[in-house]
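Undergrad: Below is the sequence, then the predicted model.
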Amino acid sequence: MIKLTRLNGNPFVLNAELIRYVETCPDTLIILQGGENLMVRETLDEVICRTIAYQQSKNLLPRAEHSPIPMKRAA
């Protein structure tokens, strides 16, 4: 689960397993596997970092010190 913010400022928690893809247009748009679209205040990079941190917490991805991709800490 990752914590995000709707455009109106309301925080919510999203099951990161449901994310199909994320794009910027100019706001960050998250498209879920079921076809639902969510616009969030976080940048594309923030959503990616939070999703990676979530996967790392499940031990599905190596920790940042072993990753070839530099990562920021999720908020």
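TA: That came in fine, so what should we check first?
Undergrad: mind listing the strands for the protein?
TA: Here the chain has its strands, by DSSP state E, at 2-5, 11-14, 19-24, 28-32, 37-40.
Undergrad: could I get those as CSV with mean pLDDT?
TA: Formatted as CSV, those follow (pLDDT from 0 to 100):
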stretch, mean pLDDT
strand 2-5, 97
strand 11-14, 98
strand 19-24, 96
strand 28-32, 97
strand 37-40, 97
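Undergrad: can I get those in JSON lines with mean neighbour count?
TA: From N, CA and C alone the C-beta is placed, and that goes for glycine too. Shown next, in JSON lines, are the strands of the chain (neighbours: other CB atoms under 10 Å):
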{"stretch": "strand 2-5", "mean neighbour count": "16"}
{"stretch": "strand 11-14", "mean neighbour count": "12"}
{"stretch": "strand 19-24", "mean neighbour count": "13"}
{"stretch": "strand 28-32", "mean neighbour count": "18"}
{"stretch": "strand 37-40", "mean neighbour count": "14"}
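Undergrad: I'd guessed Y21 sits against L32; true?
TA: No - counting by CB atoms under 8 Å, Y21 does not reach L32; the two are 9.4 Å apart.
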